[in-house]
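Student: Need coordinates for the following:
(chains A and B)
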Amino acid sequence: DTEVTQTPKHLVMGMTNKKSLKCEQHMGHRAMYWYKQKAKKPPELMFVYSYEKLSINESVPSRFSPECPNSSLLNLHLHALQPEDSALYLCASSPRQGGEGYTFGSGTRLTVV
Amino acid sequence: GIQVEQSPPDLILQEGANSTLRCNFSDSVNNLQWFHQNPWGQLINLFYIPSGTKQNGRLSATTVATERYSLLYISSSQTTDSGVYFCAVSISGNNRLAFGKGNQVVVIP
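Tutor: All right, here's what the predicted structure looks like:
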């Protein structure tokens, strides 16, 4: 299995909702990442988990809360988002943090209304 | 932080043409990757190439680390090559991949 699977593919949520994005990989990769991508911009790093421990938090607002329950799963919990948080959220994994072999999921297109 | 500049920002190609995309970076890197993002948003890893030359089918890449640039060559372009090509780098001791702004490529039949 050489894929990173993200669910859901599309999500529309209100500013008072709580939702979660999910990411799963079965390649044995020990680093997992969340990126945010706005239209016509490059991906921006949000969080990095290495061996299930939070390694990097790029000063992301607390309304975004990551979780890594095990080495195959990565969640992003969303609460009280703003319309400007609407974006494509990409999950990625690699064999080790910062190394080669980044594999991206197909992303979740999030719209906050 | 490290600066990554990609050129040209936009490129329109006739199917079958060849092209070269360039990535300049401001510091020594220990990681350089090229990605292709298709029109549906999927990012595909093309090459891990902090130095040297690699080829994969119609695509090849060369990184001259001492001169701080990398080139991605597309030969005999096809409409499926359309999309955005990103160069991403990181420096030793900093495991953050910094992405360039991308090269938007459109291949017309």
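Student: Please enumerate the helices of chain B.
Tutor: Here chain B has no helices by DSSP state H.
Student: What ranges does chain B have for its strands?
Tutor: Listed in chain order, the strands of chain B (DSSP state E) span residues B:4-7, B:10-14, B:19-25, B:31-37, B:43-48, B:52-56, B:59-64, B:69-74, B:83-90, B:98-99, B:103-108.
Student: Give me the sheet partners of the fourth one and which way each runs.
Tutor: The reference is to strand B:31-37. strand B:43-48 (antiparallel), strand B:83-90 (antiparallel) (DSSP bridges).
Student: separation between residue A:66 and residue A:20?
Tutor: 10 Å (CB to CB, to the nearest Å). Just so you know, the C-beta spots here come from the backbone N, C-alpha and C atoms, and that holds for glycine as well.
Student: what touches both of these two?
Tutor: Common contacts of residue A:66 and residue A:20 (CB atoms under 8 Å, 6 or more residues apart in numbering or on different chains): A:75-77.
Student: returning to that earlier point: okay, residue A:66 and residue A:20: which has more neighbours?
Tutor: More neighbours surround residue A:66 than the other of residue A:66 and residue A:20, with 20 against 14 (other CB atoms under 10 Å in any protein chain shown).
Student: isn't the more buried one right next to residue A:54, touching?
Tutor: Yes. Taking contacts as CB atoms under 8 Å, residue A:66 lies within contact range of residue A:54: 6.8 Å.
Student: Between the shared contacts of residue A:66 and residue A:20, identify the one with the most neighbours.
Tutor: Neighbour-wise, the shared contacts of residue A:66 and residue A:20 (other CB under 10 Å) top out at residue A:76, 23 neighbours.
Student: For that one, list each beta-bridge partner.
Tutor: residue A:21, residue A:66.
Student: Same question for residue A:47.
Tutor: What pairs with residue A:47, by the bridge criterion (DSSP bridges), is residue A:34, residue A:57.
Student: OK, contacts around the closest residue to chain A within chain B?
Tutor: Nearest to chain A in chain B, going by CB to the nearest CB, is residue B:95, at a distance of 2.9 Å. For residue B:95, the contacting residues are A:48, A:55-56, A:97-98, by CB under 8 Å, 6+ apart.
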